[in-house]
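S.K.: here's my sequence, what's the structure:
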Amino acid sequence: MTVDQQPVRSATPSLGVPPAGGSGMSYRVRRLVKSLAVRMNTQNACRIVLGLIYVRNKAQDAVPRAGEGHGEGRVSGQLPSWRWLVDQAAKPSPLGPHVWRCVSTWLAPVLRTEDGDTDQNFVPSLPPTVDDHLRTLITEIDQADRVVELLEQCLEELSAAQARGGHYFTPRDIVRLMVEAVAPQNGHRVLDPVCGSAGLLADAERYVRERTGLQPNLLLTGRDLRSDTLQIARLNLAARGIEADVGSPTDSLAQPASDSYDIVMANPPFNLSDWCAAPPRGDDPRWTGTVPPRDNANHAWILHIAHALAPQGRASVLMADGAATGLRPSEKRIRERLVREDLVECVVALPPGLFPHVRISCCLWLLNRDKSPHRGWGAADRRKQILFVNARTAYETMAGSRQRRLAADGVGRVLRTLSAWRGAPTMQGEAPARYENDPGWCTSLSTAEVADAGYVLLPVVHALEPADEHTAARERVEELKWDLYGKFEKSHALERDLRRVLDEL
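M.R.: So this is what the prediction gives:
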C-alpha cells in the first residue's frame, strides 16, 4: 500500500469552513459584527462579541432565584447570569450599560494579569446607537448550537482587521496542519512563543481530546509581546474551558526559554528586522557559534525554538521561503548546523497567497530531536534523513473572493505522506502506508545529499516535477509572480525602516 498520490481536488470544502449546521448563524453574526464596526471599530466590535460568547458559555448556571437579584441579575454573591442578559435584551430599555456591566464582571478574572491587575479597557463603552444590534446579537448567540464556530469566526474578523499591522492570527486550515504534523500526546508540555490568539494551543487540546476521548492533560504555555493580544488569547482559551499559562507580555527572542518542551508550535512574523536592540551575544546558548543576523529574525526564531525542545521534542514553525535559501554566510551556517545536528525532519512548501496581508511564499518547518523509532512518532528510523513536500498547488480559492486557503484534501495528503514516511498509523488507525518518493510532490533525502546541494532546504528545489515544458513554464511564471510580490513586500518594509530612521535624525 502506497501513500495517496491522487491530485488535490480544489472543489473539496476546506475544514476551515463551518459545517452546514452552523454556517448560517456564523454568517448572520459576521454581518452584525460588520454593522457594529461601522459604529465603533472592528477591534471593539469583535471584543464585545467574544465577551458575549464567553458569558453565554460560562454564565448559564448563574440563574437568580425568583424575587432576588432585581435589576442586576444577581443572587447575593453571584455574577449576573446569561439568562438575565437575554431577558434585558427583550426589553425596550437601554441595553448597552447592562451588556458592559455583565461582560466586564465575567471577564475580570479571565483578564487579570500575574500582578493582579485587570485591564478594564478591554470592554469598550457602548453608545446607545448600538442597542438594536446588541439585541439581535444576544438573540443569535443565545440560539447558536455551535458557539465555538462563532468564536472562530469572530477571531478571523479580528485577525483581518489587525493584519495590516502584522498582528494577525494563524488561519484555521494552517493551524490544523501545524498541530497534526507534530501530533501532540496527552501529558505533553506545549509551547507557542508567539501565541497570538492561542489558536495553536487550543487546537492541540482539541487534537488530543479527539484521539483519546478523554479530557486532555496538557501543560500549555503561550507567550506574546503584546498585552492586548494576550487578552484575546486568555479569552479564547477560557471560552473553551482550556487552562494555560499565558503570562504577561514577553519578548520571546530576548532570552532562551526557561523550560524544555515536548511540542513547540509557532507562526512568528516573517522577515522581522531590528529584532534585538544590541547585536546578538555570541555566548547565548541558543546560537552556539551560529549567531543569527540582526536584520532578520527568521533564523533566530528557528534556533530559539530548537533550543527549547526536550530530548524527544518536536516543533512546527512557519517560515518565509528565504529562511530555506538565504545566501548570506550566517544563514547558510545556521542551516548547516541544523542539518548536521539532524534537527530538520521535514519542510513543506505551502501555497502562496494564504495570508491576505502578505504575498511572501512560506514553508512549514518540522524540527525533531529524535527521528529514531519511538512511541507517538512512528516505527521508521529516519535519522540523517529529511522529507521534502512540495504542496505549492494544494490550495483552493474561497467563494466570493480571491483569497486562498489550504485545500482539505491537500492538508490530508501532507499528513498521510508524513505518516507513511514516519511509519506511523493513519489518522483512522489503519496500518502504516508504504512511503515512496512522488516526483513533484515529495522526496526523502539523506543529510549528506542535502549537504551536497548546499544546504538549501526549499522543497521545490528537491521535489521536482517530471519534465513537461508547458507545465514547467506555467509554474515558473507563477513562481516568479509570487517572488515579485515578495520583493514588493520587502521594499515596503525597507521604506518604512528608512523613513523611521530619517524621522529620528
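S.K.: make it CA atoms for all contacts and neighbour counts henceforth
M.R.: Fine.
S.K.: name the residues of stretch 177-190 that come out as buried.
M.R.: Neighbour-count burial for stretch 177-190, counted by 16 or more other Cα atoms under 10 Å, picks out 177-186, 188-190.
S.K.: likewise stretch 451-462?
M.R.: For stretch 451-462, by 16+ other Cα under 10 Å, it's Tyr455, Val456, Leu457, Leu458, Pro459, Val460, His462.
S.K.: center of the protein, which residue is that?
M.R.: Nearest residue to the geometric centre of the chain (Cα atoms, centre = their mean): Thr170, 3.3 Å.
S.K.: contacting residues for that one?
M.R.: Applying Cα atoms under 8 Å, 6 or more residues apart in numbering, we find Thr170 in contact with Gly199, Asn267.
S.K.: pLDDT score for it?
M.R.: Looking at Thr170, its pLDDT stands at 86.
S.K.: low-confidence stretches in the stretch 151-300 of the chain?
M.R.: For the stretch 151-300 of the chain, applying pLDDT under 70 flags the ranges 160-168.
S.K.: which parts of it are strands?
M.R.: 189-192, 219-222, 261-266 (DSSP state E, counting those that start in this stretch).
S.K.: who does the last one pair up with?
M.R.: What that stands for is strand 261-266. Strand pairing for strand 261-266, using DSSP bridges, gives strand 189-192 (parallel), strand 309-320 (parallel).
S.K.: alpha carbons only: can I get that strand in CSV?
M.R.: Extracted in CSV, the C-alpha atoms of strand 261-266 (Å, rounded to 0.1, in the frame of the first residue of the first chain):
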residue,chain,number,x,y,z
TYR,A,261,9.0,21.3,25.8
ASP,A,262,7.8,18.2,24.1
ILE,A,263,6.0,20.3,21.4
VAL,A,264,6.7,23.8,20.2
MET,A,265,4.5,25.5,17.5
ALA,A,266,4.9,29.0,16.2
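S.K.: list the buried ones in it?
M.R.: Tyr261, Asp262, Ile263, Val264, Met265, Ala266.
S.K.: hang on, the fifth one packs against Leu191?
M.R.: Yep, that's Met265 we're talking about. Yes. Between Met265 and Leu191 there is a contact under Cα atoms under 8 Å: 6.4 Å.
S.K.: need the buried residues of stretch 451-462 in TSV (columns: distance to Gln215 and secondary structure).
M.R.: Converted to TSV, the buried residues of stretch 451-462 look like this (distance: Cα to Cα, whole Å; DSSP: H, G, I helix; E, B strand; the rest coil):
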residue	distance to Gln215	secondary structure
Tyr455	42	coil
Val456	42	coil
Leu457	38	coil
Leu458	39	coil
Pro459	37	helix
Val460	40	helix
His462	41	helix
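S.K.: which pair of these spans the longest distance?
M.R.: Largest separation among the buried residues of stretch 451-462 by Cα to Cα: Tyr455 and Val460, giving 13.6 Å.
S.K.: in the stretch 251-400 of the chain, which spans are helices?
M.R.: Taking DSSP state H, counting those that start in this stretch, the helices of the stretch 251-400 of the chain run over residues 298-307, 322-325, 329-340.
S.K.: packing partners for the last one?
M.R.: In this structure, helix 329-340 packs against helix 322-325, helix 447-452, with contacts taken as 3 or more Cα pairs under 8 Å, 6 or more residues apart in numbering; DSSP states H and E.
S.K.: could you dump the longest one to CSV, C-alpha only?
M.R.: It stands for helix 447-452. Written as CSV, here are the backbone C-alpha positions of helix 447-452 (Å, rounded to 0.1, in the frame of the first residue of the first chain):
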residue,chain,number,x,y,z
THR,A,447,21.5,14.8,5.1
ALA,A,448,24.6,14.1,3.0
GLU,A,449,22.6,14.7,-0.1
VAL,A,450,21.3,18.0,1.4
ALA,A,451,24.8,19.0,2.2
ASP,A,452,25.9,18.3,-1.4
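S.K.: touching that helix from outside, list them.
M.R.: Residues from elsewhere that reach helix 447-452 (Cα under 8 Å, 6+ apart): Glu336, Val339, Arg340, Asp342, Lys384, Gln385, Ile386, Val456, Leu457.
S.K.: out of those residues, who's the most crowded?
M.R.: Among the contacts of helix 447-452, Leu457 has the most neighbours (other Cα atoms under 10 Å), with 29 neighbours.
S.K.: for that residue, which non-adjacent residue is spatially closest?
M.R.: Nearest residue to Leu457, sequence neighbours excluded (Cα to Cα, 6 or more residues apart in numbering): Ala324, at 4.7 Å.
S.K.: that neighbour and Leu366: what is the separation?
M.R.: Here the criterion is Cα to Cα, to the nearest Å. By it, Ala324 lies 12 Å from Leu366.
S.K.: equivalent analysis for Thr393, please.
M.R.: 20 Å.
S.K.: repeat that for Ala89.
M.R.: 49 Å.
S.K.: also Ala59?
M.R.: Applying Cα to Cα, the value for Ala59 to Leu366 is 40 Å.
S.K.: which one of the two has more residues nearby?
M.R.: Neighbours were counted for Ala59 and for Leu366 using other Cα under 10 Å; Leu366 has more, 23 against 20.
S.K.: run through the residues that contact that one.
M.R.: Contacts for Leu366 (Cα under 8 Å, 6+ apart) come out as Ala181, Val182, Arg314, Ala315, Ser316, Val317, Val344, Glu345, Cys346, Val347.
S.K.: ok, Ala431 - how many residues close by?
M.R.: Look at Ala431: counted by other Cα under 10 Å, it has 13 neighbours.
S.K.: where does the nearest residue to Pro311 once chain neighbours are set aside land on pLDDT?
M.R.: Of all residues not flanking Pro311 in the chain, Arg369 sits nearest, at 5.9 Å (Cα to Cα, 6+ apart). Looking at Arg369, its pLDDT reads 98.
S.K.: Ala37 now?
M.R.: At Ala37, pLDDT is 82.
S.K.: just checking, it touches Arg47?
M.R.: No. Counting by Cα under 8 Å, Ala37 sits too far from Arg47 to count as a contact (10.7 Å).
S.K.: which of these two has more residues huddled nearby?
M.R.: It is Arg47, of Ala37 and Arg47, that has more neighbours when counted by other Cα under 10 Å, with 21 against 16.
S.K.: ok, now how distant is that one from Leu158?
M.R.: Taking Cα to Cα, one finds Arg47 at 8 Å from Leu158.
S.K.: also Val348?
M.R.: From Val348 over to Leu158 the distance is 28 Å, taken as Cα to Cα.
S.K.: same check on Ser273?
M.R.: To Leu158, Ser273 is 25 Å away according to Cα to Cα.
S.K.: what's the answer for Pro280, then?
M.R.: 34 Å.
S.K.: now do the same contact list for Leu350.
M.R.: Counted by Cα under 8 Å, 6+ apart, Leu350 has contacts Ser361, Cys362, Cys363, Leu364, Asn390, Ala391, Arg392, Thr393, Ala394.
S.K.: wait, Tyr207 sits on Glu180?
M.R.: Yes. If you go by Cα under 8 Å, Tyr207 and Glu180 touch, sitting 7.3 Å apart.
S.K.: shared neighbours of those two, which are they?
M.R.: Common neighbours of Tyr207 and Glu180 (criterion: Cα under 8 Å, 6+ apart): none identified.
S.K.: rewinding a little: just put the buried residues of strand 261-266 in JSON lines and tack on distance to Gly400.
M.R.: Listed next are these as JSON lines, based on distance: Cα to Cα, whole Å:
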{"residue": "Tyr261", "distance to Gly400": "41"}
{"residue": "Asp262", "distance to Gly400": "41"}
{"residue": "Ile263", "distance to Gly400": "37"}
{"residue": "Val264", "distance to Gly400": "35"}
{"residue": "Met265", "distance to Gly400": "31"}
{"residue": "Ala266", "distance to Gly400": "30"}
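S.K.: can you map out the helices along the stretch 51-200 of the chain?
M.R.: 82-89, 96-107, 131-143, 147-162, 172-182, 199-212.
S.K.: turn those helices into JSON lines, columns for distance to Phe488.
M.R.: As requested, the helices of the stretch 51-200 of the chain are arranged in JSON lines below (distance: least, Cα to Cα, whole Å):
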{"stretch": "helix 82-89", "distance to Phe488": "49"}
{"stretch": "helix 96-107", "distance to Phe488": "42"}
{"stretch": "helix 131-143", "distance to Phe488": "40"}
{"stretch": "helix 147-162", "distance to Phe488": "20"}
{"stretch": "helix 172-182", "distance to Phe488": "24"}
{"stretch": "helix 199-212", "distance to Phe488": "29"}
